[in-house]
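Q: The amino acid sequence is not available; the structure is as follows:
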């Protein structure tokens, strides 16, 4: 059997590459509607939300119960892991300058970075916990769980890459640059995958903490970034429909492939 660490890295690379795949239509279509962009990003949020609970938090509780038995300990690990993960991304948001397409600038003010790199940093902050989740999923030794996460994250990366590429074109950037940026931000995920797979491969008791950490980080991104962005352009119903579709698709995959 292939080493879980290798699977974690390969899985996160494959999921990250889907961002570039999703951006390919930028070369064949002049634009896509804002409603479709919000629907696709809503679907991405739904996939991440389902993955956070069905593929990360619930397995973390099962692993913690196996390690420490029943009682409050597994629940406390889950609670602390989620809060630490969310707090970690919140701290990055606070201290790293970046810019969202709709929400605007966040973090410290800087004039030393070009606007395009502020967008790159924003998307990179978003993608890191996704790669971490895939790496942790495989690194824990559960190939089915890791595969489900890789497929789910890959599926949500495709519409995300599409939306990012068209948003950059709308900002005035050339199509090749828009594709390159979307592709580049997907490569952040293997970094997260490498860290996650290494951590849980070296120390198995870290697994429930790592799983819930990744879940908390993704939930923060969903609530703080994706949902607000999809609801600021008068297409909340379409975005919510997309979220529900993404959620049930990921839920189905998790139950089917488990």
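A: Yep, it's here. Values in this document were obtained by computation on a predicted structure and should not be read as measured data.
Q: okay, CA-based contacts and neighbour counts for the rest of this
A: Fine.
Q: got a list of what the closest residue to residue 210 other than its chain neighbours touches?
A: In this structure, residue 210 finds its nearest non-sequential neighbour in residue 136, 6.6 Å apart by C-alpha to C-alpha, 6 or more residues apart in numbering. Listed by C-alpha atoms under 8 Å, 6 or more residues apart in numbering, the contact partners of residue 136 are 8, 146, 193, 196-197, 199-200, 207, 210-211.
Q: same check, this time on residue 200
A: Contact analysis of residue 200 by C-alpha under 8 Å, 6+ apart lists 136, 139-140, 206-207, 210.
Q: what's the next secondary structure element after the helix or strand containing it?
A: Element membership for residue 200, per DSSP states H and E: helix 188-202. Per DSSP H and E, the first helix or strand lying C-terminal to helix 188-202 is helix 207-221.
Q: For the next helix or strand after that following helix, list every residue counted as buried.
A: With elements assigned by DSSP H and E, the helix or strand that comes after helix 207-221 is helix 227-230. Residues of helix 227-230 classed as buried under the neighbour-count rule (16 or more other C-alpha atoms under 10 Å) are 227, 229-230.
Q: out of those, which one sits closest to residue 85?
A: Nearest to residue 85 among the buried residues of helix 227-230 is residue 227, at 18.5 Å by C-alpha to C-alpha.
Q: Surely residue 208 is in contact with residue 65?
A: No - contact criterion C-alpha atoms under 8 Å: residue 208 and residue 65 do not qualify, at 9.5 Å.
Q: that older thread, which two among the contacts of residue 136 are spaced furthest apart?
A: Pairwise over those, using C-alpha to C-alpha, the maximum falls at 146 and 199, 14.9 Å.
Q: of those two, who's got more company?
A: Comparing residue 146 with residue 199 by other C-alpha atoms under 10 Å, the one with more neighbours is residue 146, at 27 against 20.
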